[in-house]
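Chemist: My questions are about this predicted structure, shown below with the sequence.
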Amino acid sequence: MNISGIIRSSLIDFPGLVSCVLFVPGCNYSCFYCHNRSLIDGSYILMTPQSVKDFLQKRASLLDGVVISGGEPTLQEGLIPFIQMIRNLGYQVKLDTNGSRPEIIKALLKWQLCDYYAVDYKAPAKQYPKICGRGANALKVIETIKLLSESNVPFEVRTTVIPQLGKDDLLIISKEIPVVPRYVLNRYKAPDKYLPQDEEKIRSKPYSQEEINFIADSLKNFQPNITK
Ligand code: SF4
């Protein structure tokens with residue numbers, strides 16, 4: 001379990017809590033609009049679990065929670081003992097995940113290790129390989145969301161409204177997942193780093209916030225807890 005990046009203090013990443021955000025290396029997807037592209041290959045290591053522990057012990061009076069983000073945290077060997085270490089220091093834990101490994105989420109739920117989950121549902125199921133890379137399987141993500149729905153733990157599902165998703169696609173997305181306690185439409189922002197072949201996609205005109213608000217209203221029948 002290694003860490004490739006850190007935000008030392010955040011008011012926006014863990015609902016209601018002051019948190020730090022830890023970014024793990026490596027991801028099994030390759031979304032063309034990824035904002036953490038430098039993490040995807042998993043080679044850059046900034047902190048070990050011991051240095052995270054030292055940091056959290058020093059920050060005990062300043063932080064309430066720890067967000068584990070990525071990259072994709074559920075790929076990390078040692079995720080469970082790492083979270084246990086953080087909890088033993090008295091912190092609440094939020095996990096950001098692409099939802100591709102429901103078996104890991106099942107274990108985390110069984111041991112009640114996270115206080116909040118955020119799952120990305122990125123595209124209509126049929127378009128997952130096109131948008132997230134070959135091998136991306138939306139059925140795994142739906143399985144993850146169903147596991148969370150059947151638990152009592154707070155969670156949210158998020159979709160980044162990339163220009164390549166039409167309004168019909170967003171309607172399909174809102175129907176493919178079960179009704180969730182919080183569904184967030186995030187506005188697309190072009191990443192600084194991207195693959196040369198993705199230039200045209202990256203530069204496509206994003207939806208305005210007004211357009212996203214309008215779409216969100218039209219999805220309320222299927223996702224009544226939608227926010228934008
Ligand atoms: S799942 Fe997240 S970290 Fe992985 S490639 Fe997609 S946007 Fe990047």
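Modeler: Arrived safely, thanks for sending.
Chemist: Let me know the next secondary structure element after the helix-or-strand element of the chain with minimal mean pLDDT.
Modeler: Within the chain, confidence by mean pLDDT, DSSP states H and E is lowest for helix 37-40 among all helices and strands, at a mean of 82. Heading C-terminal from helix 37-40, the first helix or strand you meet, by DSSP states H and E, is helix 49-58.
Chemist: Within range of the ligand, give me the residues from the protein.
Modeler: Counting by CB under 6 Å from any ligand atom, the chain comes close to the ligand at 27, 29, 30, 31, 34, 36, 40, 70, 71, 72, 98, 132. Every residue, glycine included, has its C-beta placed from N, CA and C.
Chemist: Pick out the lowest-pLDDT one from the residues you listed.
Modeler: The member of the residues of the chain next to the ligand with the lowest pLDDT is residue 40, and it reads 78.
Chemist: quick one, what contacts it?
Modeler: Contacts here follow CB atoms under 8 Å, 6 or more residues apart in numbering; on that basis residue 40 touches 26, 27, 30, 34, 71.
Chemist: Could you save the residues you listed as JSON lines and add columns showing neighbour count and secondary structure?
Modeler: JSON lines is the format used below for the contacts of residue 40 (neighbours: other CB atoms under 10 Å; DSSP: H, G, I helix; E, B strand; the rest coil):
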{"residue": "26", "neighbour count": "18", "secondary structure": "coil"}
{"residue": "27", "neighbour count": "23", "secondary structure": "coil"}
{"residue": "30", "neighbour count": "17", "secondary structure": "coil"}
{"residue": "34", "neighbour count": "21", "secondary structure": "coil"}
{"residue": "71", "neighbour count": "29", "secondary structure": "coil"}
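Chemist: between those residues, which is closest to residue 228?
Modeler: Using CB to CB, residue 34 comes nearest to residue 228 of these, at 21.7 Å.
Chemist: what about the residue nearest to residue 123 when sequence neighbours are not counted, which helix or strand?
Modeler: Once flanking residues are discounted, residue 123 sits nearest to residue 131: 4.4 Å by CB to CB, 6 or more residues apart in numbering. Using DSSP H and E, residue 131 falls within helix 128-132.
Chemist: Name the residues that touch that helix?
Modeler: Residues contacting helix 128-132 (CB under 8 Å, 6+ apart): 29-32, 98, 122-123, 135-138, 141, 162, 164.
Chemist: Among these, which lie within helices?
Modeler: Within the contacts of helix 128-132, residues falling in helices by DSSP state H are 138, 141.
Chemist: Tell me where the protein has strands.
Modeler: Using DSSP state E, the strands found in the chain span residues 5-10, 19-23, 65-69, 92-97, 116-120, 155-161, 183-187, 226-227.
Chemist: Let me have those strands in TSV, extended by distance to residue 208, mean pLDDT and mean neighbour count.
Modeler: Listed next are the strands of the chain as TSV, based on distance: least, CB to CB, whole Å; pLDDT from 0 to 100; neighbours: other CB atoms under 10 Å:
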stretch	distance to residue 208	mean pLDDT	mean neighbour count
strand 5-10	26	96	14
strand 19-23	28	97	23
strand 65-69	27	98	23
strand 92-97	26	98	23
strand 116-120	22	98	22
strand 155-161	10	98	21
strand 183-187	8	97	18
strand 226-227	17	94	16
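Chemist: Nearest to residue 83, out of these?
Modeler: Residue 83 lies closest to strand 92-97 among these, at 5.5 Å (CB to CB).
Chemist: what's that closest one in contact with?
Modeler: With CB under 8 Å, 6+ apart as the criterion, strand 92-97 contacts 13-14, 17, 19, 64-70, 72-74, 83, 86-87, 105, 108, 113-120, 144.
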